[in-house]
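Enquirer: have a look; sequence and predicted model below, questions after that.
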Amino acid sequence: MRTAYAVLPDQVEYRLATTWPEARVLRSRDEVIEFFEDFQETFPDARTASHEYEEGPNGTLVAGFRVAGTGRTSGAVVEMEIWQVWEGDQDNLTVTRVTEFTNRREALEAAGLSE
């Protein structure tokens, strides 16, 4: 997990989708890593599938996928759809904000695209 998110700049704004139990705005790379490490502890078999990507204006990227996993202590199977809008500073080639949505339409609209 640490390796996957290490590419984020230290000062990034990551807005979690409202479906997360602890939905909030994460304000640094370390907060993002900590959140997803905690998620991995709770759902050790977490996996993603059905990835879809669309490029938006000004370097914006929309990424959509399904997340599924089984709770370590509860045994509950959880599955959700997540759509992310990645925004960045094109001059410095860095990510400045990631905003999560629970459906494709909202993510595309936020990125300045349409279905």
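Expert: Everything's here; your move.
Enquirer: buried residues in the lengthiest helix in the chain?
Expert: Once the chain is assigned using DSSP state H, the helix that runs over the most residues is helix 29-42. For helix 29-42, a neighbour-count test (16 or more other CB atoms under 10 Å) marks 29, 32-33, 35-36, 39, 42 as buried. Placement of C-beta: from N, CA and C, glycine included.
Enquirer: possible to save these as CSV with pLDDT?
Expert: Formatted as CSV, the buried residues of helix 29-42 follow (pLDDT from 0 to 100):
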residue, pLDDT
29, 95
32, 96
33, 95
35, 94
36, 93
39, 93
42, 94
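Enquirer: mind listing what the helix or strand where residue 97 lies pairs with, with the direction of each?
Expert: Using DSSP states H and E, the element containing residue 97 is strand 94-101. Based on DSSP bridges, the pairing partners of strand 94-101 within the sheet are strand 13-15 (parallel), strand 77-89 (antiparallel).
Enquirer: tilt between it and helix 29-42?
Expert: Strand 94-101 and helix 29-42 meet at an angle of 40 degrees, taking axes from the mean of the first three to the mean of the last three CA atoms, to 10 degrees as the criterion.
Enquirer: now strand 94-101: average pLDDT?
Expert: Across strand 94-101, the average pLDDT comes to 95.
Enquirer: show me what counts as buried in the next helix or strand after that strand.
Expert: Using DSSP H and E, the next helix or strand after strand 94-101 towards the C-terminus is helix 104-110. Residues of helix 104-110 classed as buried under the neighbour-count rule (16+ other CB under 10 Å) are 104, 107-108, 110.
Enquirer: deepest of the strands paired with strand 94-101, which one?
Expert: Mean neighbours per residue, mean count of other CB atoms under 10 Å, is largest over the strands paired with strand 94-101 for strand 13-15, with a mean of 19.
Enquirer: list the neighbouring strands of the helix or strand following that strand plus their orientation.
Expert: Elements were assigned by DSSP H and E; along the chain past strand 13-15, the next helix or strand is strand 25-26. According to DSSP bridges, the neighbouring strands of strand 25-26, each with its direction, are strand 13-15 (antiparallel).
Enquirer: let's have the buried residues of helix 29-42 in TSV, adding distance to residue 74.
Expert: Below are these laid out as TSV (distance: CB to CB, whole Å):
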residue	distance to residue 74
29	30
32	25
33	24
35	19
36	19
39	14
42	9
